[in-house]
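> Make a model of this:
(3 chains)
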Amino acid sequence: MPELPEVETLCRQLRPVIVGAEITQTRVIDPKLGVIEGLQGREIRGVTRYGKTLEMELERGLSLLFHFRMTGRLLWQDGNGPLPHTRLVISFSHGRISLIDPRRFATVTLHEKRNCLSLGSDPLADFNPSHLWAIAQQSALPVKSFLMDQRRIAGIGNIYACEILHKAQVDPWRRADSLSYKEWEGIGEAAGKILTRAIACRGASVSDWRDLFGKEGEHQNYLLVYNREGAECYRCGGRIERRKLNGRGTYYCPTCQNGEGG
DNA sequence: CCCTATGTTCCCAA
DNA sequence: CTTGGGAACATAGG
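Down below sits the predicted model:
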């Protein structure tokens, strides 16, 4: 579920709550997560995001990495009992963080050293057109699959890939190496605007997503194409279609996202 | 029963 | 090596 804006939302909400706080207890409820030990008594030094991965940096070079996959999320609680599908609880003196994950695909791993994730550049940090154009010259993938390839660009998933391509007026099936420099400028600009607004909205709650405090995000109210099959395109009035691309539902407007572009 | 699902990985075929 | 398709993982909802 969580793509870049959702994971960034968790990071920003977690920092004021847990940085500087000490873990008092860790409880692994779903054995599928594996063994997670040695956290007790350690202080949280920082919270960082790498693409869709969230890192809690701990004292003495330990680092806890979360990947939420499809339905994972974190919830801060200072009262009440555990919610259904709680898989892990990390407690502090002033409250606790629960990992909630109905489908159980999320992963939590503990690393001793500096982590070595093989991810591409982060769109928020490095989404300039010359870089995009340069790496696209080596790929014959459809541009949507290219944007979602985490080794090339980290953080964009199915929803935001659809949204960015619609805003940039690019057909998702175009080969990445066939786009002009001008089109990559358009994609970079669209990505910046969409991701920034999605973060300001605390993500898109199209189904399970909730922020750290259990609240829905707002970005689902601004979606241009995702989940809008059969509806009117806001730009040209055409009919939004949904087709599969590499097994993923792909929403687009065949009227204003077509042709070779510039 | 059917289909779908914000992700990743692995196997197999061109 | 590259790309695409399908399955797998596990569960809920329409």
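
> For the nearest residue to A:Pro82 once chain neighbours are set aside, give me the pLDDT.
Leaving aside its chain neighbours, A:Pro82 sits nearest to A:Ser98 (6.4 Å; criterion: C-beta to C-beta, 6 or more residues apart in numbering). Where you see a C-beta, it was placed from the backbone N, CA and C, and this is true even at glycine. A:Ser98 carries a pLDDT score of 98 in this model.

> Could you do the one 5 residues further on as well?
Each residue has a pLDDT score; the one for A:Arg103 is 95.

> Then A:Asp208?
Taking A:Asp208 on its own, its pLDDT is 83.

> if I pick the nearest residue to it once chain neighbours are set aside, what's in contact with it?
Once flanking residues are discounted, A:Asp208 sits nearest to A:Thr71: 5.1 Å by C-beta to C-beta, 6+ apart. By C-beta atoms under 8 Å, 6 or more residues apart in numbering, the contact set of A:Thr71 is A:1, A:101-103, A:105-106, A:208.

> what separates the residue lying closest to A:Trp76 once chain neighbours are set aside from A:Asn158, distance-wise?
Nearest residue to A:Trp76 in three dimensions, chain neighbours excluded: A:Leu212, at 5.0 Å (C-beta to C-beta, 6+ apart). A:Leu212 sits 23 Å away from A:Asn158, going by C-beta to C-beta, to the nearest Å.

> what's the burial count for the residue in the stretch 51-200 of chain A that DNA strand B sits nearest to?
As assessed by C-beta to the nearest atom of the strand, DNA strand B sits closest to A:Gly157 within the stretch 51-200 of chain A, at 1.8 Å. By the measure other C-beta atoms under 10 Å, the count of residues near A:Gly157 is 20.

> which ones are touching the nearest residue to it once chain neighbours are set aside?
The shortest distance from A:Gly157 to any non-neighbouring residue, by C-beta to C-beta, 6+ apart, is to A:Glu3 (3.8 Å). Contacts for A:Glu3 (C-beta under 8 Å, 6+ apart) come out as A:52, A:155-160.

> which of these come close to DNA strand C?
Among these, no residue lies close to DNA strand C (C-beta under 7 Å from any atom of the strand).

> Of those residues, which is the nearest to DNA strand C?
Ranked by distance to DNA strand C (C-beta to the nearest atom of the strand), the contacts of A:Glu3 are led by A:Asn158 at 12.5 Å.

> Test my guess that the closest one contacts A:Ser145.
No - taking contacts as C-beta atoms under 8 Å, A:Asn158 lies outside contact range of A:Ser145: 10.5 Å.

> about what we covered before: mind putting the contacts of A:Thr71 in TSV, neighbour count, distance to DNA strand B and secondary structure included?
TSV is the format used below for those (neighbours: other C-beta atoms under 10 Å; distance: C-beta to the nearest atom of the strand, whole Å; DSSP: H, G, I helix; E, B strand; the rest coil):
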residue	neighbour count	distance to DNA strand B	secondary structure
A:Met1	26	4	coil
A:Asp101	26	11	coil
A:Pro102	15	8	coil
A:Arg103	12	6	coil
A:Phe105	14	5	coil
A:Ala106	25	9	coil
A:Asp208	16	5	coil
